[in-house]
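Peer 1: Here is my input, please return the structure:
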Amino acid sequence: MLRVSKFTVIERLGEGNFGIVWLAKDNILERRVALKELKSHAAHDIVNQYREARYQDILAHEHIVKIFDAGVVDGKPCIWMEYLKNGSLHDRLQHVQFIPLKQAIRYVCDALRGLDHAHSHESVILHRDIKPSNILIGNRNEGKLSDFGLATACGKMGEASGYGYMYHMAPEMYADGKASKLTDIYAMGVTLYRLINGNALFEHEDNEDVLAENVQQGRFPDRKGYRPHVPKQIRSITNRAIRTEPDKRFQSAPDMRRALEKVHINVDWQLSQQRGVSAWIGSSEQKRKDYRVLIQLASGDYWSIETSCRRKSSSEYRRIRRNCHRNLKTLDMMKVLRGVLSDPDQYESTRH
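Peer 2: Numbering: from 1, shown residues only. The predicted structure follows:
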């Protein structure tokens, strides 16, 4: 195990374009930190990468990862910051089909608060790299915007060069190479899209020219490609954030956040799949009920749906007979599933 005068490296946490992040113990203050070892060996690059620490320092905010210090450690340029054991939203997505809607809204709203703080700074700081791996989960389950390695100050001009993560870059970044507050809004919209749909539905083209054309034409991400539990209101908010025309997006981080905060989630769903059965498990705190919808391919192209619920004070599920079916064709099954997931108590399918 590597030992240095100030830090003891414990384990490797991850690696990005600009550095390797380690979990380390601060031997002087006796606390755990995330130690980012900067990759570049060119002096001017190191100066630029220290800019990440300067931005996060001047942007101290409860929804931005806290920087402790920066400097040379064991002969290597490093930045050290708060260690958040829950990892990132990217990490969370590796273990679930998607992030439940209430959690996704909370994380994105928190990140939007941090983003607004950056945009409202006198230097007008753009993040330019918003994505699930750059939103960390705090110790109070809050979202925290991190990794300002591509951040830049655009000042009163309102624009900067259009660097970014290619799958989250707005159409105008491909067209004219310019970044702005609205390209950060677009990237946050793509992030929300990924959280509520999961990575399985985030299919993308690796050829940059084809990707650029699809982004500019509004074909990527697929504005109709949402999972069946995502209500129309959230689809509309997400699609507005990723409009190809900048002036038709939310015009600020608070605008997008307020729209999300108005959304009421009737039932919050999770999905698991095992042995050919898709199990939608839902919870409604308002109704104090749990729901279960089991989907299974019965034979050939025909599906069965079994819907049930229970009071939170009970361990026994009871069938909702009007929404239990066999021998449904795929299109009929999807129609019934969307209706049941929208409101399992009120929805009544027409087939009996």
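Peer 1: Can you pull out the low-pLDDT segments for the stretch 201-350 of the chain?
Peer 2: 349-350 (pLDDT under 70).
Peer 1: Before we go further, residue 77 is sitting in a strand, right?
Peer 2: Yes. Assessed by DSSP: H, G, I helix; E, B strand; the rest coil, residue 77 belongs to a strand.
Peer 1: That one and residue 53: what is the separation?
Peer 2: 10 Å (Cβ to Cβ, to the nearest Å). From N, CA and C alone the C-beta is placed, and that goes for glycine too.
Peer 1: what touches both of those two?
Peer 2: residue 70 (Cβ atoms under 8 Å, 6 or more residues apart in numbering).
Peer 1: tell me, how many neighbours does residue 259 end up with?
Peer 2: Close neighbours of residue 259, defined as other Cβ atoms under 10 Å, add up to 17.
Peer 1: which stretch of helix or strand covers it?
Peer 2: helix 253-261 (DSSP states H and E).
Peer 1: Report the buried residues of whichever helix or strand comes after that helix.
Peer 2: On the C-terminal side of helix 253-261, the nearest following helix or strand under DSSP H and E is strand 268-274. The neighbour-count check on strand 268-274 (16 or more other Cβ atoms under 10 Å) flags 268-271 as buried.
Peer 1: do the same with stretch 25-35
Peer 2: So stretch 25-35, judged by 16+ other Cβ under 10 Å, has buried residues 25-26, 33-35.
Peer 1: Assign the closest residue to residue 303 other than its chain neighbours to helix, strand or coil.
Peer 2: Nearest residue to residue 303, sequence neighbours excluded (Cβ to Cβ, 6 or more residues apart in numbering): residue 333, at 4.1 Å. Assigned with three-state DSSP, residue 333 falls in the helix class.
Peer 1: So residue 333 versus residue 178, what's the distance?
Peer 2: From residue 333 to residue 178 the distance is 45 Å (Cβ to Cβ).
Peer 1: which of the two has more neighbours?
Peer 2: Higher neighbour count among residue 333 and residue 178: residue 333, with 20 against 17, using other Cβ under 10 Å.
Peer 1: Enumerate every residue touching residue 291.
Peer 2: Here residue 291 is in contact with 267, 280-284, 307-309, 344 (Cβ under 8 Å, 6+ apart).
Peer 1: again, 7 Å this time
Peer 2: Applying Cβ atoms under 7 Å, 6 or more residues apart in numbering, we find residue 291 in contact with 267, 282, 309, 344.
Peer 1: Ok, residue 153 next?
Peer 2: Residue 153 touches 123-125, counting by Cβ under 7 Å, 6+ apart.
Peer 1: could I get these as CSV with distance to residue 339?
Peer 2: Output for the contacts of residue 153, formatted as CSV (distance: Cβ to Cβ, whole Å):
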residue, distance to residue 339
123, 50
124, 45
125, 45
